[in-house]
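Chemist: Model the following, please.
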Amino acid sequence: MGAYREAYERSITDPEGFWREAAAGIDWHREPERILDDTEAPIFRWFPDAELNTCHNAVDRHVDSGRGEQPALIYDSPVTGVVRAYSFRELRDEVALFAGALRRLGVGPGDRVVIYMAMVPEAVIAMLACARLGAVHSVVFGGFGARELSARIDDARPRVIVASSCGIEAGRVVPYQPMLDAALAESAHRPDRLVMLQRPEAPATLGKEDLTWAEAVAEAEPAECVPVRATDPLYILYTSGTTGRPKGVVRDNGGHAVALRWSMENIFGVRPGEVFWAASDVGWVVGHSYIVYGPLLTGATTILYEGKPVGTPDAGAFWRVAAEHRVAAMFTAPTAIRAIRKEDPEGKLLEGCDLRALRLFFLAGERLDTQTYAWAGDLLGVPVIDNWWQTETGWPIAASPRGLEELPTRPGSPSVPMPGYRVRVVDEAGTAVPPGQEGAIVIGLPLPPGCLPTLWQDDERYVRSYLTAFQGNYLTGDGGMFDEDGYLYVLGRTDDVINVAGHRLSTGAMEEVLAAHPAVAECAVIGVGDLLKGQVPRGFVVVKSGLATDPERLEAELVARVRDRIGPVAALRRVDVVAALPKTRSGKILRGTMRGIADGRDEPVPSTIENPDVLEALRPLLRTPRQ
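Modeler: Take a look at the predicted model:
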């Protein structure tokens, strides 16, 4: 039995023993004696009698163990030209001082702090400072719209808001104060105080009760770590695209620390002292798990990158950062690699970048098409590892666990279920389907440590949203299948499966065919209503930069490819060449919004959109039937 199979089976047959051993990787104020509390099933709690402090585990203990001078955080900002490294000792001192500032403003255990900041070191410091005090942070993506920010303020009811005055993107400065002011004006809840990090590119005008970051820390005394119960919340993270009352995913302190510490070494293969880079944002779950907490809990060096994969200044930015900082393992979204491939299809900008330190390259956040997988692997010459997880789970559900065993990867699959996850593919009745047959992906309860124990102040909504469709299981909302060897294939959200004249077809499978064309940089397929067939697919493709293509000829070739590889039943007749696809700030294509517009609904601009102009330019095309 291989190391992976042994670990996985142990986690399923003896979950309490497995996670008790994993908990040894964490410093506890009170060691766990009980591992799992199932008295309120289907709501479960891990390490219910234990106490710890997450900030101590992420920062202080590394100083105490002799790693104080090791770089903990490297801030690399091509948009400002600043590169700065913080040692674990420096980071501890900065965090303790800002924790003291928050304490002077009345923040204590259980209080909430909303953080609305750009990708600056102070955002990480503020998160850790909350954890140090036992407070609960809720990071809202910098630049999020006023209405969405207001809804999150009213739901979390923070005592303090910590903000930066602006964000900086390629060629533009985005002032945050107007959005923050509008959100506060709309909110029913008023926080006690506002702390503003003034950035010289666009300083904010503050009210008389507001403080700058510098003012807040000037009179502060460093705060020590406050032990909290393992089941106490560490943070609230609102899922993107929610409407009405936002859905706040809760992460606890104990299970979160144990799971992320375990995942860094066993899934991502990263050891203490190595450099890990998750090219994401602290506003998203990847930023929480693998920019901030995972690497620091491990004693690795993490990179905070304030830039884009292209445009800051070019498509070689990622390779420059990885080379300069000797990155051992990197994690980003397929969208980022597709953007780089579109601008630099031959990878010429990699020339001159010394990536000998890079061992592993992880991609997640959306479905990884085989063309992107192959291009990245060929270019970098290292394993490209797909992995699949969600905001709700906080760490990978399926991956190739490089710290346990070098399982071979397979194009189109995030590999195998990780220890603790009882993954099944079921039919509409909840019965497991055989290998090769598609169905809904569910996870048997209890979910492993690190996953959401509930939603913020709403157990009933948690149960209704995730646990009722298939009793005893968590509903992922994704469809897929296993192959004969136990590799999982995630084919997209279950609402991305379309019904064409009674045939259930995966739009993801069609996207695979379109993406394989040598002229296509990225693509999307959506199902739109059709009076005759119920639904029919429509394709949208972006062509690689520098290629002169005839749109009509390309469309004909793509339609023929789908017909040849999937069959006439796919009924793909229309593929439009577009300049760009609308995406969220985390890089996910807004297929649902596109589908709604194509079906004639007046879809609003989603709060999570990265490029609203692209969506507006696409609306007329989406609404126009083929003549």
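
Chemist: Distance of D210 relative to A524?
Modeler: Between D210 and A524 the distance is 43 Å, computed by Cβ to Cβ, to the nearest Å. Bear in mind the C-beta positions are built from the backbone N, C-alpha and C, glycine included.

Chemist: Which residue of these two possesses the greater neighbour count?
Modeler: Neighbours were counted for D210 and for A524 using other Cβ atoms under 10 Å; A524 has more, 22 against 16.

Chemist: Who is that one paired with across the strands?
Modeler: According to DSSP bridges, the residues that bridge with A524 are F540.

Chemist: can I assume it is in contact with K588?
Modeler: No - counting by Cβ atoms under 8 Å, A524 stays clear of K588, with 10.4 Å between them.

Chemist: Export the host helix or strand of I236 to PDB, keeping only CA atoms.
Modeler: Per DSSP states H and E: I236 is located in strand 233-238. Taking C-alpha atoms only, strand 233-238 is exported to PDB below (Å, rounded to 0.1, in the frame of the first residue of the first chain):
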ATOM      1  CA  PRO A 233     -14.300  31.400  14.900                       C
ATOM      2  CA  LEU A 234     -11.100  32.700  13.400                       C
ATOM      3  CA  TYR A 235     -12.600  34.500  10.400                       C
ATOM      4  CA  ILE A 236     -15.700  35.000   8.300                       C
ATOM      5  CA  LEU A 237     -15.400  34.900   4.500                       C
ATOM      6  CA  TYR A 238     -18.400  35.700   2.400                       C
END
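
Chemist: Quick one: mean pLDDT for it?
Modeler: For strand 233-238, the mean per-residue pLDDT is 96.

Chemist: any residues touching that strand, and which ones?
Modeler: Residues outside strand 233-238 that contact it (Cβ atoms under 8 Å, 6 or more residues apart in numbering): 54, 110, 112, 127, 130-131, 136-140, 152, 155-156, 246-253, 256, 285, 288, 391, 456.

Chemist: Mind splitting the chain into its structural domains?
Modeler: Listed by automatic domain parsing, the domain ranges of the chain are 3-307+387-480, 501-623.

Chemist: Which of these comes out lowest on mean pLDDT?
Modeler: domain 501-623 (a mean of 86).

Chemist: neighbours of L349, just the number please.
Modeler: By other Cβ under 10 Å, neighbour count at L349 equals 18.

Chemist: Looks to me like it is in a helix.
Modeler: Yes - counting by DSSP: H, G, I helix; E, B strand; the rest coil, L349 is found in a helix.

Chemist: Could you find the closest non-adjacent residue to it?
Modeler: Here the nearest residue to L349 in space, its sequence neighbours aside, is G316; by Cβ to Cβ, 6 or more residues apart in numbering that works out to 3.0 Å.

Chemist: burial of the one you found, as a residue count?
Modeler: Residues within reach of G316, counting by other Cβ under 10 Å, total 21.

Chemist: what does the one 4 residues further on give?
Modeler: R320 is surrounded by 18 other residues when neighbours are defined as other Cβ under 10 Å.

Chemist: can I assume it is in contact with D354?
Modeler: No - with contacts counted by Cβ under 8 Å, R320 stays clear of D354, the gap being 10.3 Å.

Chemist: Please report the distance of the residue nearest to L349 from C353.
Modeler: From G316 to C353 the distance is 7 Å (Cβ to Cβ).

Chemist: Which stretches in the stretch 401-550 of the chain count as helices?
Modeler: Using DSSP state H, counting those that start in this stretch, the helices of the stretch 401-550 of the chain run over residues 459-462, 507-515.

Chemist: Of all those helices, which one is nearest L581?
Modeler: The closest of these to L581 is helix 507-515. By Cβ to Cβ, the value is 11.3 Å.

Chemist: Can you dump the C-alpha atoms of the closest one in PDB for me?
Modeler: The C-alpha coordinates for helix 507-515 follow below in PDB (Å, rounded to 0.1, in the frame of the first residue of the first chain):
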ATOM      1  CA  THR A 507     -20.300  22.300 -21.300                       C
ATOM      2  CA  GLY A 508     -16.900  21.700 -19.800                       C
ATOM      3  CA  ALA A 509     -16.300  18.800 -22.200                       C
ATOM      4  CA  MET A 510     -17.100  21.200 -25.100                       C
ATOM      5  CA  GLU A 511     -14.700  23.800 -23.700                       C
ATOM      6  CA  GLU A 512     -12.000  21.100 -23.700                       C
ATOM      7  CA  VAL A 513     -12.500  20.700 -27.500                       C
ATOM      8  CA  LEU A 514     -12.500  24.400 -28.200                       C
ATOM      9  CA  ALA A 515      -9.400  25.100 -26.000                       C
END
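
Chemist: Please state the backbone phi and psi of V162?
Modeler: For V162, the backbone dihedrals (degrees, to the nearest 10) come out as phi -110, psi 130.

Chemist: how about it, what does it touch?
Modeler: Residues near V162 by Cβ under 8 Å, 6+ apart: V113, V114, I115, Y116, M117, E122, A126, L194, V195, L197, W213.

Chemist: separation between the nearest residue to A223 once chain neighbours are set aside and M594?
Modeler: Distance criterion Cβ to Cβ, 6+ apart; nearest residue to A223, sequence neighbours excluded, is A99 at 3.8 Å. Distance, A99 to M594, using Cβ to Cβ: 44 Å.

Chemist: With R561 instead?
Modeler: 21 Å.

Chemist: and these two? which has more neighbours close in?
Modeler: Neighbour tally, R561 and M594, criterion other Cβ under 10 Å: the higher count belongs to M594, 24 against 17.

Chemist: so is the more buried one in a helix, a strand, or just coil?
Modeler: M594 ends up helix, using three-state DSSP.

Chemist: Let me see the contact set for the residue nearest to it when sequence neighbours are not counted.
Modeler: Nearest residue to M594 in three dimensions, chain neighbours excluded: I526, at 5.2 Å (Cβ to Cβ, 6+ apart). I526 makes contact with T507, P537, R538, F540, R591, M594, R595, A598, according to Cβ under 8 Å, 6+ apart.

Chemist: can I get those residues in CSV with distance to M481?
Modeler: As requested, the contacts of I526 are exported to CSV (distance: Cβ to Cβ, whole Å):
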residue, distance to M481
T507, 15
P537, 20
R538, 25
F540, 26
R591, 20
M594, 25
R595, 23
A598, 27
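
Chemist: Counting neighbours, which of those residues end up buried?
Modeler: T507, P537, R538, F540, R591, M594, R595, A598 (16 or more other Cβ atoms under 10 Å).

Chemist: unless I'm mixing things up, the fifth one is touching A524, no?
Modeler: What that stands for is R591. Yes - counting by Cβ under 8 Å, R591 does reach A524; the two are 5.7 Å apart.

Chemist: ok so, going back, can I get the helices of the stretch 401-550 of the chain in a markdown table with distance to A571?
Modeler: Listed next are the helices of the stretch 401-550 of the chain as a markdown table, based on distance: least, Cβ to Cβ, whole Å:
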| stretch | distance to A571 |
| --- | --- |
| helix 459-462 | 38 |
| helix 507-515 | 10 |
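
Chemist: Give me the longest helix you can find in this protein.
Modeler: Longest helix in the chain, counting residues (DSSP state H): helix 88-104.

Chemist: right, and out of the contacts of I526, which lies closest to R61?
Modeler: R591 (43.6 Å).

Chemist: Out of the domains of the chain, indicate the one that is most buried.
Modeler: Greatest average neighbour count among the domains of the chain goes to domain 3-307+387-480 (a mean of 20), per mean count of other Cβ atoms under 10 Å.

Chemist: gap between the two ends of that one?
Modeler: Taking Cα to Cα, to the nearest Å, the first and last residues of domain 3-307+387-480 lie 26 Å apart.

Chemist: Check stretch 399-411 too.
Modeler: So stretch 399-411: terminal residues 12 Å apart, Cα to Cα.

Chemist: Identify the residues contacting that stretch?
Modeler: Outside stretch 399-411, the residues within contact range by Cβ under 8 Å, 6+ apart are 2-4, 7, 265-270, 360, 362, 370, 373-374, 383-388, 414-416, 418, 483, 487.
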